[in-house]
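Novice: Show me the folded form of this:
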Amino acid sequence: MEDDALPRPRGDAASQLAGEDLSPYSQDELENRVALLKAEIERVEAHSSRAAKHRAAADALFKSSGA
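Specialist: Numbering: from 1, shown residues only. Predicted structure coming up:
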């Protein structure tokens, strides 16, 4: 079971990918990797957007009840 209160470990997956040597990969493997990374970017952006909307709603709720 993961504890959200614990700090995230350094060297997350994106950082590890960014430092990986790409020279062993074929052109097809690189194209597949780009497609996967683009899909992951879309997923992260969608999650970020939902989180921002949730935060804005919470801020609006507490601002209206506290002022």
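Novice: Low-confidence bits of the chain, can you list those?
Specialist: By pLDDT under 70, the low-scoring segments of the chain are 1-4, 8-9, 65-67.
Novice: Centroid-nearest residue for it?
Specialist: With distances taken as Cα atoms, centre = their mean, residue 44 lies nearest the centre of the chain, 4.1 Å away.
Novice: so is that residue in a helix, a strand, or just coil?
Specialist: helix (DSSP: H, G, I helix; E, B strand; the rest coil).
Novice: can you give me the helices for the chain?
Specialist: 13-18, 27-66 (DSSP state H).
Novice: Same list, those, but as CSV with distance to residue 7 please.
Specialist: In short, each C-beta sits where N, CA and C put it, glycine included. Formatted as CSV, those follow (distance: least, Cβ to Cβ, whole Å):
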stretch, distance to residue 7
helix 13-18, 15
helix 27-66, 19
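Novice: Test my guess that residue 30 contacts residue 22.
Specialist: Yes - the criterion here is Cβ atoms under 8 Å, and residue 30 meets it with residue 22 at 6.7 Å.
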